[in-house]
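Novice: A predicted structure for the sequence below; I have some questions about it.
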Amino acid sequence: MKYSDVYKGWQEDPEGFWMTAAEKIDWVEKPTKALFDENAPIYEWFSDAKVNTCWNAVDRHVEAGHGDRVAIIHDSPITHSKHEITYGELRDRVASLAGALRAKGVEKGDRVVIYMPMVPEALEAMLACARIGAIHSVVFGGFAANELAVRIDDARPKCIIAASCGLEPGRVVHYKPLLDGAIDLAKHKPDFTVIFQRDQEVAKLIDGRDYDWHGFQFGVEPAECVPVEGNHPAYILYTSGTTGQPKGVIRATAGHLVALRWTMENIYKVAPGEVFWAASDVGWVVGHSYICYAPLINGSTTIVFEGKPVGTPDAGTFWRVIEEHKVKSFFTAPTALRAVKREDPTGEYVKKYDTRGCQAVFLAGERADPDTILWAQAQLHVPVIDHWWQTETGWAIAANPLGIEELPVKLGSPALPMPGYQIEILDEGGHPVKAGELGAIAIKLPLPPGTLPGLWNAEERFRKSYLQQFPGYYETGDAGMKDEDGYVYIMARTDDVINVAGHRLSTGGMEEVLAAHPDVAECAVIGVTDQLKGQMPMGFLCLNSGVTRDNDEIIKEVVKLVREKIGPVAAFKLCVVVDRLPKTRSGKILRGVMVKIADGEEFKMPATIDDPAILDEIKVALQSIGYAK
């Protein structure tokens, strides 16, 4: 079947489409129907089923005779260590931890906060919660104490599972003092914590509250899988908003299982037993969906990688992992590839490794600029697939589904909507715009299985944030357009569409032009306040390693390029060269914060920022051209 047949099949019979997809899951009690719409616009999927995520991700593969198959490969260039865990070993480890949690009073529906680095034990903690029906909330390891405290107060966990430390190149990140500080700050106090002690740092435990990971499990009866309802929350994941209370995205168990299993076969084209690598972190949605759950539900091997795209030890680390572990499908963020490209523009490191076993590279997390895609295609000689999704959706809204059909790649587009998603481009009044016109991207309700049914203890906020602006639609918060063939183009967050003298312009379109300059490794464009035109675009350029040309010359060239490609209407003339851009730890550029700095406004330090010192560098650069006063 072709993509068009599959998508049409979903359109004509969504109920039948998802019930067929559900046949790939082991049910305790099968669903009688897929969609439950009695409380529309709040929708649920497979609500009357009974199922267990851990059984589907671990036990069923062991029961089917695949206990010796490798489930997890841990590769840590920081500690110079690698090891493998089979499905049989994983089942025993998860059942033991789950039994220990249950013995200490953690039951179905209780929340457990997980605060861990990139170690297999992070996945074991997630799966142990799923095994007994507890709802986990993973918080990115090393998050500041006050931000962790906010999440503790919202989720109200019975228990917190943490590691003694995390590791960054050249430094140890002390988790335990951050955890202690968060518990002190939080109004809600967990009953107990479980601490996984790492060799690099043994944390001091508080008697009566803190338990050592191994001692905690000693002599405890392993737990069996507890069936839960289809609409039972598998987890809460807090979005990394820069203002106020973070939003706790809920993932319902049954839809999560069905959707993720479908994607492994149909989007990523990965079979049971093959190796899938998502180079992300368990603290982000990619880590939940494609490091922990989807590969294991599929019976594949997943890689837990503790390292960086460059510096651990060099720009060849991705290619070394792909060769060594026979990675079939690789998933990373555009920002990671840009970092590699900046260090290795001619691909000298790529040539050192045999990456021929890798069939495709998938990019997500932010807009993939065409220049980065072209570089990766030229180096790796495989399809480089940009696909678009969000924390809220949990899997791809638009993609090139290699398992169904390899669609023609259009640079700058994550291709076509996946089954379950009817994408519309709307004007401010909620009316569809013509092909090629910029507008707000919205998805017709109901959203498919695996997407958020709501926010944790915040239904009104869910309605206001996502459903209010365009009745009958989910508002993505992204702006973009569709072409004549239905290909989707994500141009910017809605907030990043700027208004220059009455013309609505996409910062993403300008970034695409800047990134095409041969000396530019990475860039960002923001809109700054202008008394005459309302807003003016401002560019930030990071240059490739080894560039010795004068910065002013490069700036003149990119200004000319934007004028040629987008036109004088863009009024693009403000531009600075910087060493690096402020980003979240997941690689998203903090454009909103940059706007506030440029306009001289107060701003809240984002909890997810990778290195706060970069903001001072940005301020100095802006002051050099008369901004950030």
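Specialist: Looks like it arrived, so ask away.
Novice: Which secondary structure element of the chain has the lowest mean pLDDT?
Specialist: strand 503-506 (a mean of 71; mean pLDDT, DSSP states H and E).
Novice: In three-state terms, label the nearest residue to residue 230 once chain neighbours are set aside for me.
Specialist: Excluding the flanking residues, the one nearest residue 230 by CB to CB, 6 or more residues apart in numbering is residue 254, at 3.3 Å. The C-beta positions use only the backbone N, C-alpha and C, and glycine is treated the same way. Here residue 254 is recorded as helix under DSSP: H, G, I helix; E, B strand; the rest coil.
Novice: tell me the pLDDT at residue 254?
Specialist: Residue 254 carries a pLDDT value of 98.
Novice: Identify the bridge partners of residue 163.
Specialist: residue 196 (DSSP bridges).
Novice: which residues touch it?
Specialist: Residue 163 is in contact with 115-117, 119, 121-122, 141, 175, 195-198, counting by CB atoms under 8 Å, 6 or more residues apart in numbering.
Novice: What is the nearest of those to residue 406?
Specialist: residue 122 (33.4 Å; CB to CB).
Novice: Quick one: which of the contacts of residue 163 is the most crowded by neighbours?
Specialist: Comparing these by number of neighbours (other CB atoms under 10 Å), residue 115 comes first, having 29 neighbours.
Novice: surely that residue meets residue 143?
Specialist: Yes. Under the criterion of CB atoms under 8 Å, residue 115 makes contact with residue 143 at 7.4 Å.
Novice: next helix or strand past the least confident helix or strand of the chain?
Specialist: Counting by DSSP states H and E, the next helix or strand C-terminal to strand 503-506 is helix 507-515.
Novice: helices and strands around that following helix, which ones?
Specialist: helix 370-380, strand 488-493, strand 520-530, strand 534-543, helix 551-565 (3 or more CB pairs under 8 Å, 6 or more residues apart in numbering; DSSP states H and E).
Novice: Give me the contact list for the shortest one.
Specialist: Contact with strand 488-493 is made by 367, 388, 398, 412-417, 423, 438, 441, 477-483, 497, 506-509, 591, as judged by CB under 8 Å, 6+ apart.
Novice: longest single helix anywhere in the protein?
Specialist: If you go by DSSP state H, the chain has its longest helix at helix 87-103.
Novice: Now do the buried residues in that one.
Specialist: Buried residues in helix 87-103, counted by 16 or more other CB atoms under 10 Å: 87-102.
Novice: Now residue 474. Its backbone dihedrals?
Specialist: The phi and psi values for residue 474, taken as degrees, to the nearest 10, are phi -90, psi 130.
Novice: re the thing from before, and the helix or strand just after the longest helix of the chain with helix 87-103, angle?
Specialist: With elements assigned by DSSP H and E, the helix or strand that comes after helix 87-103 is strand 111-115. Interaxial angle of strand 111-115 relative to helix 87-103 (axes from the mean of the first three to the mean of the last three CA atoms, to 10 degrees): 120 degrees.
Novice: pLDDT of strand 111-115, averaged?
Specialist: 98.
Novice: Endpoints of stretch 247-257, how far apart?
Specialist: 22 Å (CA to CA, to the nearest Å).
Novice: Stretch 14-33 too?
Specialist: Start-to-end, stretch 14-33 (CA to CA) is 11 Å.
Novice: next one: stretch 341-360
Specialist: Stretch 341-360 has an end-to-end distance of 18 Å (criterion: CA to CA).
Novice: Also stretch 310-326?
Specialist: 20 Å.
Novice: change the start of the numbering to 59 and stick with it
Specialist: Renumbered: residue one is now 59, and that last one reads stretch 368-384.
Novice: buried stuff in it?
Specialist: 368-370, 373-381, 383.
Novice: again, but for stretch 469-487
Specialist: For stretch 469-487, by 16+ other CB under 10 Å, it's 470-484.
Novice: Ok, stretch 313-332 next?
Specialist: 313-328, 332.
Novice: starting at the chain centroid, how far to it?
Specialist: 17 Å (CA atoms, centre = their mean, to the nearest Å).
Novice: For that stretch, measure first residue to last.
Specialist: Termini of stretch 313-332 sit 24 Å apart (CA to CA).
Novice: hang on, residue 523 packs against residue 305?
Specialist: Yes. Between residue 523 and residue 305 there is a contact at 6.9 Å, judged by CB under 8 Å.
Novice: Identify the contacts common to these two.
Specialist: Counting by CB under 8 Å, 6+ apart, the shared contacts of residue 523 and residue 305 are residue 513.
Novice: Of the two, which one has the most company?
Specialist: Shown here are residue 523 and residue 305; by other CB under 10 Å, residue 305 has more neighbours (22 against 18).
Novice: ok, now which ones touch residue 225?
Specialist: 134, 136-137, 175, 231, 256, 258, 364.
Novice: Kindly recompute the last result at 10 Å.
Specialist: 134, 136-137, 175-177, 199-200, 231, 256, 258-259, 364-365, 370 (CB atoms under 10 Å, 6 or more residues apart in numbering).
Novice: pLDDT check: weakest of these?
Specialist: residue 200 (84).
Novice: separation between that one and residue 645?
Specialist: 16 Å (CB to CB, to the nearest Å).
Novice: again, but for residue 607
Specialist: 27 Å.
Novice: neighbour count winner among those two?
Specialist: residue 645 (20 against 10).
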